[in-house]
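1. just a sequence and a predicted model for now, questions to come.
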Amino acid sequence: MLNKIRSDAVAFRESFLSETSPTMVDRDYGAVLRVILFYIWRGCSFSRKAGLTGKTDPSASLISLSAYEATLGIIQLIRIGYHADAIVLIRALLERIAIVGWLGENRPLLSRYFSGELKPYKEAFTWAKKKPLPNWVSLYSTFSDVAHSRIVGPAGHINNRSEIGFAFREVRTGDTIGDTEMAHELLGLVVYSLVILDPLALILIENAEIQPLPKDICLVHYISLEDIEKFQIFLQELKNRFEGYSN
């Protein structure tokens, strides 16, 4: 089974989705999840192979692999409705992405970082601010407000699918925004993270042959055309909604 998960995107996807009972997010965003999971599988596969075959430094391989794997926990939290917790992990993922990009340009420091001798968070943040990573800094700052909120209770529950979450949401705003809409935005942030991560990780593992998301034509071998079309609609909806607020 492990070999199949490593070699087959569908087996990887089905194994991940079977870890919990089907959710409302699975029902409403199944196509989006399947596309996202393909790119995570692809990133994990290429990272692992690069280290095993000697194509790149094994440290670079594992750092890239860990960045893709970190996305899985976020998706699982979105699926089961723990939205505030997903935001905290997205913030941590943005930090990882900055470090992946910074290390790609500072390869001699790989071994020191991997051994724990180097903690380049400040350098990586400065790197991300100077590089064309659209909206990275503004999103990171917004998510930091959630992660370090001094409000006890609402900070952890306000967007969760629970009695406490519903109660606080109603008291706070009285709006009618449902969990599905929140999931829509969070899955959009996962796609954003992968769009930023993919080219930086490919540079880190020294793979110039593969096109980063969303340009990889191999997608059609693992994802149905119907799912690809739904994914494109999903992206267009996000663009229409947020384009005026982004960089």
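-> Yep, it's here. Residues are numbered from 1 along each chain as shown.
2. longest helix in this structure, please.
-> Counting by DSSP state H, the longest helix found in the chain is helix 24-52.
3. buried ones in that one?
-> By neighbour count on 16 or more other CB atoms under 10 Å, the buried set for helix 24-52 is 25, 28-29, 31-48, 50-51. Every residue, glycine included, has its C-beta placed from N, CA and C.
4. can you check stretch 14-23 too?
-> 16-17, 23.
5. which residues of this structure fall in helices?
-> Going by DSSP H, the chain shows helices at 2-7, 9-17, 24-52, 58-80, 83-105, 110-114, 121-130, 136-147, 154-157, 163-172, 179-204, 225-242.
6. just give me the lowest mean pLDDT stretch among the ones you listed.
-> Lowest mean pLDDT within these: helix 154-157, at a mean of 48.
7. coming back round to it: nearest to residue 215, out of the helices of the chain?
-> Minimum separation from residue 215 across these (CB to CB) falls at helix 179-204, 9.3 Å.
8. correct me, but residue 226 touches residue 31?
-> Yes - between residue 226 and residue 31 there is a contact under CB atoms under 8 Å: 7.2 Å.
9. burial count for residue 229?
-> 11 (other CB atoms under 10 Å).
10. show me what contacts it?
-> By CB atoms under 8 Å, 6 or more residues apart in numbering, the contact list for residue 229 is empty.
11. try 10 Å
-> residue 31 (CB atoms under 10 Å, 6 or more residues apart in numbering).
12. if I look at residue 83, how far off is residue 19?
-> 19 Å (CB to CB, to the nearest Å).
13. surely residue 39 meets residue 211?
-> No - contact between residue 39 and residue 211 fails when scored by CB atoms under 10 Å: they sit 11.4 Å apart.
14. give me the common contacts of those two.
-> Counting by CB under 10 Å, 6+ apart, the residues touching both residue 39 and residue 211 are 198, 219.
15. before we move on, the earlier item: list just the nearest of the buried residues of stretch 14-23 to residue 129.
-> Ranked by distance to residue 129 (CB to CB), these are led by residue 16 at 33.4 Å.
16. thinking residue 239 is in contact with residue 188, fair?
-> Yes - contact status for residue 239 versus residue 188: in contact at 9.5 Å, counting by CB under 10 Å.
17. and residue 241, how many neighbours?
-> Neighbours of residue 241 (other CB under 10 Å): 12.
18. swap that for residue 194, please
-> 23.
19. touching, it and residue 235? I think so.
-> No - contact between residue 194 and residue 235 fails when scored by CB under 10 Å: they sit 11.9 Å apart.
20. what do the two both touch?
-> Counting by CB under 10 Å, 6+ apart, the common neighbours of residue 194 and residue 235 are 35, 214.
21. with adjacent residues omitted, what lies nearest to residue 67?
-> residue 96 (4.7 Å; CB to CB, 6 or more residues apart in numbering).
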